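Q: this one's structure only:
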């Protein structure tokens, strides 16, 4: 296997308690992605022995808003002990504040120079924070067509521009190819261009946001392009199982994911 494979525990095996989902994913040889860790039994999750590839890295504020950037930084600092306890390598942030269902808290449909500069400076400070504690902050691209309307600087080309401008070893991209396919396409050229700044790649098929092989993306070709480019990091399945939330459907989805990236 050329890549380390991870699975988002939030989107599969929904009929099982969280720790059991982690056990099942870990037992099949995958790493684990987490979203919001607040209010969860971190000790129980750590005791599973699973390797956690990523978790949410903030819980308030906006990376690109001068009035909200301090909240991003403060909440990130509060979450670092959790990341350290779990051994999570990446803490995921977004270009602007997400609310219920991933919707923009304050929808904005045009970016400004001030947003770019604020995003750059906030990421620089996150890089300093990450360097101090041994974690990497990963800026995730989003699509504004379907799932996240009103989030400025969310396209992959925008997040790539920000991360490459910061050029800090503790600031990387969480390159989400599901979002990039909806908003931009041209995935193989995208992964080649983004390669030096990729911290992790997330995948799901389009439409539906299910496992590879259920939609229009040729993930075997994407996997080959990543391998040929020299990428050997984490590929994370951030997708639901097309067969539903049951255990059998989850197992089938994870097997399809493994098969797509076994190059």
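A: Happy to help now that I have it. Just so it is clear, the structure is predicted and the values come from calculations on it, not from any experiment.
Q: burial of residue 102, as a residue count?
A: Look at residue 102: counted by other Cβ atoms under 10 Å, it has 12 neighbours. For glycine as for every other residue, the C-beta is placed from the backbone atoms N, C-alpha and C.
Q: For it, list the residues it contacts.
A: Neighbour list for residue 102: 142, 147-148 [criterion: Cβ atoms under 8 Å, 6 or more residues apart in numbering].
Q: Any chance of those residues in JSON lines with distance to residue 26 as columns?
A: As requested, the contacts of residue 102 are exported to JSON lines (distance: Cβ to Cβ, whole Å):
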{"residue": "142", "distance to residue 26": "28"}
{"residue": "147", "distance to residue 26": "28"}
{"residue": "148", "distance to residue 26": "30"}
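Q: ok, so of the residues you listed, who is nearest residue 215?
A: Residue 215 lies nearest to residue 147 out of the contacts of residue 102, by Cβ to Cβ, at 14.8 Å.
Q: What sits closest to that closest one if chain neighbours are left out?
A: residue 102 (5.6 Å; Cβ to Cβ, 6 or more residues apart in numbering).
Q: Identify the residues contacting the residue lying closest to residue 241 once chain neighbours are set aside.
A: Excluding the flanking residues, the one nearest residue 241 by Cβ to Cβ, 6+ apart is residue 253, at 3.6 Å. Counting by Cβ under 8 Å, 6+ apart, residue 253 makes contact with 12, 210-211, 237, 239-243.
Q: got it, and residue 241?
A: By Cβ under 8 Å, 6+ apart, residue 241 lies in contact with 11-12, 210-211, 249-250, 252-253.
Q: State the mean pLDDT of stretch 189-201.
A: Stretch 189-201 carries an average pLDDT of 98.
Q: on that earlier part again, any figure for the gap between the residue nearest to residue 241 and residue 31?
A: Distance, residue 253 to residue 31, by Cβ to Cβ, to the nearest Å: 16 Å.
Q: Go ahead and report the secondary structure state at residue 236.
A: Recorded secondary structure, residue 236: strand (DSSP: H, G, I helix; E, B strand; the rest coil).
Q: Thank you kindly, that will do.
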